[in-house]
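S.K.: return a 3D structure for these sequence lines:
(chains A and B)
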Amino acid sequence: MTRNLLEDFEARGLIHNSTDRAALNDALESGSVSLYHGIDPTADSLHIGSFIGVLAMRRFQDHGHRPIALVGGSTGMVGDPGGRSDERNLLDEDTLARNVAGIKNQLARFLDFDGTSENAARLVNNFDWTGDVPVLDFLRDVGKHITVNQMMAKDSVKSRLESENGISFTEFSYMLLQAFDYWWLHENMSATLQIGGSDQWGNITAGTELIRKRSGGSAHALTWPLLVRSDGAKFGKSQAGNIWLDAERTLPYEFHQYFLRVPDDDVERMLLQLTLLAVDDVLEIAAAHHAAPEQRLGQQRLADEVTALVHGAQAVEQANLAAAAMFGNADLNVEMVESLRGIIPETTINNADYDTEQNAVSLLVACGLCKSNSDARRKLGENQIAVNRVKRQDTDLKRSDLLGERYLLIQMGKKNRHLIIVDG
RNA sequence: GGGUCGGUGCCCGAGUGGCCAAAGGGAACGGGCUGUAAACCCGUCGGCAUUGCCUUCGGAGGUUCAAAUCCUCCUCGGCCCA
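M.R.: Residues are numbered from 1 along each chain as shown, chains lettered A, B, ... in the order given. Presented below is the predicted three-dimensional model:
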């Protein structure tokens, strides 16, 4: 079955709301559209929560449209009041510049920025056009067109008004800045569509309204539902925090594991929204998964696909290899352990330091698995720790415990592990 | 500026002179059960140390044999008034 772009989005559950759907469809089918999507530069890496938006841009580009990724240098300094109960910390300019650079780097893996192609993606920073706007101009040209009533109607603003910490004028003004961005991109880069998560709807339509009132132009809005997990956990968060796209922040193995553990109910939707697999293929996989959920075919495919997109095919191979070493039945051998190098966290210690008393405790603390000696002893006592896949309670590790005379694979439960390498 | 209520462990939140390292809940970690799932049950959850000691309840002082709890000053926040 062939679907046009909007139908494809629909089938993937990527449409939450849009302005005039028929008009938008006409525009998308009749030529190349410039569309923009804003990304918050709160860190120097994207996380999986923003991935859905990145892929959305990719889908548009694949259909011949031109994505404009806006990294919010200015808006990052102000902060969107959405999704938080208290005031956000403002980023300074240096941090922002670093974050913007890091994000651009990552986007290049998913979008074609090649200037020679017709619909090359663009990266813009709204600081470039908002940084020097005089306050009076802004109030007159932007503020005049948007009513406070409209701004107060926004859910995120409303809830913050009722919260005990209140909301600063700065964050309250966020909507104006975003509206201004859309207007500017509409004027200067012919953007006629803005896409974003459903929490952005108010901000986006403020922009379409500004465009209409100030320039008499028309522009579209399209939002997707925010991705939440069926178990209520915040999507993209693990016990360690965000799932980052950056391999340094979230090792590819952990990244892969995260998707391997996704609840059944989320598998199909994530396959649709976080991979580039064709909708019909996903439906087939989902059906197979549903027939035998205990085999976790869906999770496996999801983990492989997303990891391949973000980290490449080789990372997928390594992650699966590592999983075999960690969870498999085969005896642990040196080759398996060596295959874990670079995939799981590792700590190297000096040969001479190995034979200390109670070295299990100090090793657990040194590698970060335990936060203090007490913690390490406690966990050992509770049978939480396995060394080279064997549960251990004693604190004494001997030379003979070293695999290949230099490796210790320390596991704490199913999720935490660390490789100790004795050097020399 | 005036008044008032409040700042407790990762978060929420009890505690209002000793029985407090501090209830309860959440989060987190582990175990059991499972499908490396969910739900559920159990354990742990300041630090050091082989049952004792040390440091915590916004900050600094003070009262007391003894303070998270009382007093003083400072600081930060909510609400009301101006």
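S.K.: please report phi then psi for the closest residue to residue A:226 other than its chain neighbours.
M.R.: With CB to CB, 6 or more residues apart in numbering as the criterion, residue A:226 has its nearest non-adjacent residue at 5.0 Å, and that residue is residue A:197. Any C-beta I mention is one placed from the backbone N, CA and C, and that applies to glycine too. With angles defined as degrees, to the nearest 10, residue A:197 sits at phi -70, psi 160.
S.K.: over to residue A:346?
M.R.: Reported as degrees, to the nearest 10, the phi and psi values for residue A:346 are phi -140, psi 150.
S.K.: what is the neighbour count of the closest residue to it other than its chain neighbours?
M.R.: Leaving aside its chain neighbours, residue A:346 sits nearest to residue A:419 (4.0 Å; criterion: CB to CB, 6+ apart). Residues near residue A:419, counting by other CB atoms under 10 Å, number 20.
S.K.: got it, and residue A:400?
M.R.: Residue A:400 is flanked by 6 other residues according to other CB under 10 Å.
S.K.: the closest residue to residue A:114 other than its chain neighbours: neighbour count?
M.R.: The shortest distance from residue A:114 to any non-neighbouring residue, by CB to CB, 6+ apart, is to residue A:120 (5.4 Å). Neighbourhood size, residue A:120 [other CB under 10 Å]: 14.
S.K.: tell me the secondary structure for residue A:120?
M.R.: Under DSSP: H, G, I helix; E, B strand; the rest coil, residue A:120 falls in the coil class.
S.K.: measure it to RNA strand B for me?
M.R.: Residue A:120 sits at a distance of 39 Å from RNA strand B (criterion: CB to the nearest atom of the strand, to the nearest Å).
S.K.: before we move on, back to that, tell me the contacts of the residue nearest to residue A:346?
M.R.: A:337, A:340-341, A:344-347, A:407-410 (CB atoms under 8 Å, 6 or more residues apart in numbering).
S.K.: picking that back up, pLDDT value on the residue nearest to residue A:114, please?
M.R.: Looking at residue A:120, its pLDDT reads 93.
S.K.: list the contacts for it?
M.R.: A:66, A:112-114.
S.K.: ok, of the residues you listed, which come out buried?
M.R.: Among the contacts of residue A:120, those classed as buried by 16 or more other CB atoms under 10 Å are residue A:66.
S.K.: nearest to residue A:35, of the contacts of residue A:120?
M.R.: For the contacts of residue A:120, the minimum distance to residue A:35 (CB to CB) is 7.2 Å, reached by residue A:66.
S.K.: hey, what's that closest one bridged with?
M.R.: residue A:34 (DSSP bridges).
S.K.: distance check, it against residue A:128.
M.R.: Using CB to CB, to the nearest Å, one gets 18 Å for the distance from residue A:66 to residue A:128.
S.K.: among the contacts of residue A:419, which are in strands?
M.R.: Here DSSP state E is the test, and those give A:346-347, A:407-410 as lying in strands.
S.K.: filter these to the buried ones?
M.R.: Buried among the ones in strands among the contacts of residue A:419 by 16+ other CB under 10 Å: A:346, A:407-410.
S.K.: RNA strand B contacts on chain A?
M.R.: Proximity of chain A to RNA strand B is confined to A:164-166, A:231, A:233, A:239, A:257, A:260-261, A:263-264, A:293-294, A:296, A:299, A:323, A:327, A:371-375, A:377-379, A:382-384, A:412-416 under the rule CB under 7 Å from any atom of the strand.
S.K.: what ranges does the stretch 151-300 of chain A have for its helices?
M.R.: Taking DSSP state H, counting those that start in this stretch, the helices of the stretch 151-300 of chain A run over residues A:155-162, A:169-172, A:174-189, A:201-210, A:252-260, A:264-274, A:279-291, A:297-311.
S.K.: the residue nearest the centre of chain A and residue A:310, how far apart?
M.R.: For chain A, the residue nearest the mean C-alpha position is residue A:48 (1.8 Å; CA atoms, centre = their mean). Noted for residue A:48: a distance of 9 Å to residue A:310, by CB to CB.
S.K.: just residue A:410 next, same as before
M.R.: According to CB to CB, residue A:410 and residue A:310 sit 27 Å apart.
S.K.: make TSV out of the contacts of residue A:419 and add distance to residue A:216 and pLDDT.
M.R.: Below are those laid out as TSV (distance: CB to CB, whole Å; pLDDT from 0 to 100):
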residue	distance to residue A:216	pLDDT
A:337	67	87
A:340	61	84
A:341	61	84
A:344	58	86
A:345	57	87
A:346	61	88
A:347	63	89
A:407	69	91
A:408	70	90
A:409	66	91
A:410	66	91
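S.K.: make CSV from these and add distance to residue A:392 to it.
M.R.: Output for the contacts of residue A:419, formatted as CSV (distance: CB to CB, whole Å):
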residue, distance to residue A:392
A:337, 17
A:340, 19
A:341, 22
A:344, 18
A:345, 19
A:346, 19
A:347, 17
A:407, 15
A:408, 10
A:409, 12
A:410, 9
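S.K.: domain assignment for chain A?
M.R.: With domains defined by automatic domain parsing, chain A comprises A:5-224, A:252-330, A:346-423.
S.K.: show me the shaky parts of the stretch 301-424 of chain A.
M.R.: When residues are selected by pLDDT under 70, those of the stretch 301-424 of chain A lie in A:357-358, A:424.
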